[in-house]
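1. quick one, fold the following:
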Amino acid sequence: MRTKSRNGCIITPPMGNANMRPLYNISKICAMLFSDLQLILISSNVEADINPIIDNCKPSILNLIYYSSPNNYFDKILFYTYSQLKSVFFLIKGSRNKKIYVFYLADTLLLQMIVAKILRKKVLLIIGADVYRIMSVKRDPFAIIFKLFIYINYALANRLIVYSPNMVNEYNLKKFEDKISFGYEHAIDICSFRIEKYINERSLTIGFIGRLSEEKGVLNFAKSISIISNINPNINFIIGGDGHLRDAIIDELRSLMNHKVILVGWIPYDELPRCLNELRLLVLPSYTEGLPNIVLEAMACGTPVLATPVGAILDIIEDGETGFIMKNNSPQCIAENVSHILGRSNLKEISENARAFIEQNFTFNETMRKWEEIFNGNFM
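-> Numbering: from 1, shown residues only. As a prediction, the model looks like this:
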């Protein structure tokens, strides 16, 4: 499977804990397809566990850059500039025998893209999110600048990888469709993520698991809880994950905390299957998405997912068959959908359909097959 003449480098933007599993997957894929692999990793969390990447993917060169994002805009620019220049330094230093540069979720890394093109490297850009939309939802003042960076990077890249056809339309990528391929780094361990408890044996608990950030719509979910509780007071709620909206969520749910709602914080990867097997329903009311791992992991555990029709979700979840799609993420819409779903008599069938879909489409072998097609195609 490994091609000895194929050497490459993976370049990342700042990556936190939530990104480590997907990064592990793409690193493992490239390690199997390349004879020599350099990884330039910008980490936004000093405590992020990169050991699985080092131990199992064995990059020939690992360049680790720690990036801090302070609240002060001047310091933010300073830290950003430092991490970019250091990344470029490592890129140039290791470029001698590298033919392919994989920009992983690195839509905004314009300086690195320009340097890679000057060095006449083949650049493959994996688009995992609508970065401009995320920044806009967060009201980031630098959003318009990065929108320009993103467009230039799309134009310069030799190949754009997106997760599904819906993302082409949603991200306005039709003008680049001649160099778009479909692929994903998602590979679910279906032995660990499996149905341990049938859906009708689980307690009446619904949950949100993800980054506690604006683009995830988690505040809308928090606001929907009081509405849902008025409809059915027997439902309990779990919110898993961490992020800067934690305090706002606590303020919103103060009267319901502990007896109706539990904030469990960051859930270690090894504990996710057990947690997902306790849920009757997972809710993901995002404003924008790529292809969230948590959706696939929940489906593998037979946990139905209720999500907004954004990113690749619309191509993964068939409404009423493998999960549920809601029209919007307003608290009222979330509450109405939850009430309707929990009253359905065929949840067990939907749970089993979701599991079967993951078994057919998201094993490591299936993921590898798609990447072999990409690297063996006209891109080379």
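2. how many neighbours does the nearest residue to residue 217 once chain neighbours are set aside have?
-> Nearest residue to residue 217, sequence neighbours excluded (C-beta to C-beta, 6 or more residues apart in numbering): residue 285, at 3.6 Å. Placement of C-beta: from N, CA and C, glycine included. Other residues lying near residue 285 total 25 when counted by other C-beta atoms under 10 Å.
3. repeat that for residue 303.
-> There are 31 residues near residue 303, going by other C-beta under 10 Å.
4. correct me if wrong, but it is in a strand.
-> No. Residue 303 sits outside any strand when classified using DSSP: H, G, I helix; E, B strand; the rest coil, being coil.
5. who touches the nearest residue to residue 333 once chain neighbours are set aside in this structure?
-> Using C-beta to C-beta, 6+ apart and skipping residues adjacent in sequence, the residue nearest residue 333 is residue 326, 5.5 Å away. Taking C-beta atoms under 8 Å, 6 or more residues apart in numbering, we find residue 326 in contact with 285, 306, 307, 308, 309, 333, 334, 337.
6. surely the third one is in contact with residue 284?
-> It stands for residue 307. Yes. Counting by C-beta atoms under 8 Å, residue 284 is a contact partner of residue 307 at 4.3 Å.
7. now do the shared contacts for those two.
-> Counting by C-beta under 8 Å, 6+ apart, the residues touching both residue 307 and residue 284 are 295, 313.
8. quick check: residue 42 is in a helix.
-> No. Assigned with three-state DSSP, residue 42 falls outside any helix and is strand.
9. residue 60: how many residues sit nearby?
-> 15.
10. distance of it relative to residue 94?
-> Plainly put, residue 60 is 9 Å away from residue 94 if you go by C-beta to C-beta, to the nearest Å.
11. pLDDT below threshold where in the protein?
-> Filtered on pLDDT under 70, the chain yields the residue ranges 1-5, 46-48, 69-70, 378-380.
12. for it, longest strand please?
-> Ranked by residue count and defined by DSSP state E, the top strand of the chain is strand 3-15.
13. could you point out which element follows it?
-> helix 20-33 (DSSP states H and E).
14. check which helices and strands that following helix sits against.
-> strand 3-15, strand 34-43, helix 51-57, strand 100-104, helix 364-375 (3 or more C-beta pairs under 8 Å, 6 or more residues apart in numbering; DSSP states H and E).
15. now with 6 Å, please.
-> helix 51-57 (3 or more C-beta pairs under 6 Å, 6 or more residues apart in numbering; DSSP states H and E).
16. all the strands of the chain, residue numbers only.
-> 3-15, 34-43, 61-66, 100-104, 122-126, 159-162, 180-182, 205-209, 236-240, 261-265, 281-284, 305-307, 324-325.
17. quick one: which of the ones you listed is nearest residue 349?
-> Residue 349 sits nearest to strand 324-325 of all the strands of the chain, at 13.1 Å, using C-beta to C-beta.
18. what residues does that closest one touch?
-> Here strand 324-325 makes contact (C-beta atoms under 6 Å, 6 or more residues apart in numbering) with 306, 309, 317, 319, 341.
19. can you check stretch 197-211 too?
-> Taking C-beta under 6 Å, 6+ apart as the rule, stretch 197-211 contacts 18, 216, 218, 221, 234-236, 238-241, 243, 277-283, 294, 347-348, 351.
20. now the end-to-end length of that stretch.
-> 26 Å (C-alpha to C-alpha, to the nearest Å).
21. can you give me the buried ones in the biggest helix by length in the chain?
-> Counting by DSSP state H, the longest helix found in the chain is helix 73-93. Buried residues in helix 73-93, counted by 16 or more other C-beta atoms under 10 Å: 79, 80, 83, 84, 86, 87, 88, 90, 91.
22. quick check: residue 90 vs residue 221, distance?
-> 40 Å.
23. actually residue 132, not the one I typed
-> Distance from residue 132 to residue 221, by C-beta to C-beta: 24 Å.
24. more neighbours: which of these two?
-> residue 221 (27 against 22).
25. touching, that one and residue 285? I think so.
-> Yes. With contact defined as C-beta atoms under 6 Å, residue 221 and residue 285 form a contacting pair (5.3 Å).
26. give me the most central residue, the protein.
-> Central residue of the chain (C-alpha atoms, centre = their mean): residue 292, 4.2 Å from the mean position.
27. and for residue 184, the neighbour number?
-> Residue 184 sits with 25 neighbouring residues when counted by other C-beta under 10 Å.
28. quick one, what contacts it?
-> Counted by C-beta under 6 Å, 6+ apart, residue 184 has contacts 163, 291.
29. over to residue 87?
-> Taking C-beta under 6 Å, 6+ apart, we find residue 87 in contact with 40, 112.
30. now do it against residue 247, distance only.
-> Counting by C-beta to C-beta - residue 87 and residue 247 are separated by 32 Å.
31. understood, closing this out.
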